[in-house]
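Undergrad: Have a look; sequence and predicted model below, questions after that.
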Amino acid sequence: MAREPRTYTRFYFRVKQWKKRLRRWKRPLWSLAAILLFLTILTIGIQLSDNIRNLVEGKDNTPSLETFAMLQGDEFTQLDRSTQLVLNQLMNKDEKREVVHRKQYICGKSDKALGKQNSRDIIQTVLNHPDWLTSMDSDGRVILEEQVDDMSEICKEQAHIGLDKDGNLTLYDGPPQKQKAIRTFFQLDVESMESALPPKVLKQLYQGIRITDMDEYHSVLSTFSDYAVEETEKVMKPTPVD
């Protein structure tokens, strides 16, 4: 019976020792956890700071996830096939490319070099202008083509509308005699036209009617459309002129 109190005393003594040790361990454990938490927060803060600085300074040349997400919806599928193919190339290979903004006029065109741009910026420009046509030439340049319902300045200086040898109303770069056709509109019923129009107007047509702006352009088309052969009255696609 005397051994039981001793055994109990020893057990109680050991429990007290364990409690003291746990109290001593808790302090370093809490300190270690606090240090780890501080280091984690510090690391995240540094990464966020770097990302923000890169965005502000324009150093992040990788196309953003937001841009790619925008391309997954209807906005991408509504683009023409050529533009879709170019965007796929840009997304698959992120590198700087020469970009050209081309204005394709009813008569003539003009090119403006925009310099080298990264894929993200090119994609964003395409999305901002879904009505532009996008292509890539043999040199890897990205061509952003804007259709302009006007005549280029060069074209305004030398454009003529006249008849070709088949009786088609045609837009020429210079007098019809030079045969530098830009665009064919429709075939004319020459016999009906000659019987209805004054000789002076016919002479102007055969020599080439000078066109200096869009008002004259539409006026001439409207005048002679009354004598168009019905099957070919639909206007044909323009041929680009430098």
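TA: Structure received. Residues are numbered from 1 along each chain as shown.
Undergrad: ok, now how distant is residue 142 from residue 197?
TA: Using Cβ to Cβ, to the nearest Å, residue 142 is found at 48 Å from residue 197. Just so you know, the C-beta spots here come from the backbone N, C-alpha and C atoms, and that holds for glycine as well.
Undergrad: Same check on residue 124?
TA: Distance from residue 124 to residue 197, by Cβ to Cβ: 53 Å.
Undergrad: Dihedrals phi and psi, residue 80?
TA: Residue 80 adopts backbone torsions of phi -70, psi 160, taken as degrees, to the nearest 10.
Undergrad: coming back round to it: between residue 142 and residue 197, which is the more surrounded one?
TA: residue 142 (23 against 16; other Cβ atoms under 10 Å).
Undergrad: Mind pulling up the pLDDT for that one?
TA: At residue 142, the predicted lDDT confidence score is 93.
Undergrad: and it, what are its bridge partners?
TA: Residue 142 has these beta-bridge partners by DSSP bridges: residue 99, residue 136.
Undergrad: Test my guess that it contacts residue 122.
TA: Yes - using Cβ atoms under 8 Å, residue 142 is in contact with residue 122, at 5.7 Å.
Undergrad: who touches both of these two?
TA: Residues touching both residue 142 and residue 122 by Cβ atoms under 8 Å, 6 or more residues apart in numbering: 90, 97, 99.
Undergrad: Mind putting the residues you listed into JSON lines with distance to residue 222, pLDDT and neighbour count?
TA: Formatted as JSON lines, those follow (distance: Cβ to Cβ, whole Å; pLDDT from 0 to 100; neighbours: other Cβ atoms under 10 Å):
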{"residue": "90", "distance to residue 222": "43", "pLDDT": "83", "neighbour count": "22"}
{"residue": "97", "distance to residue 222": "43", "pLDDT": "90", "neighbour count": "19"}
{"residue": "99", "distance to residue 222": "39", "pLDDT": "94", "neighbour count": "19"}
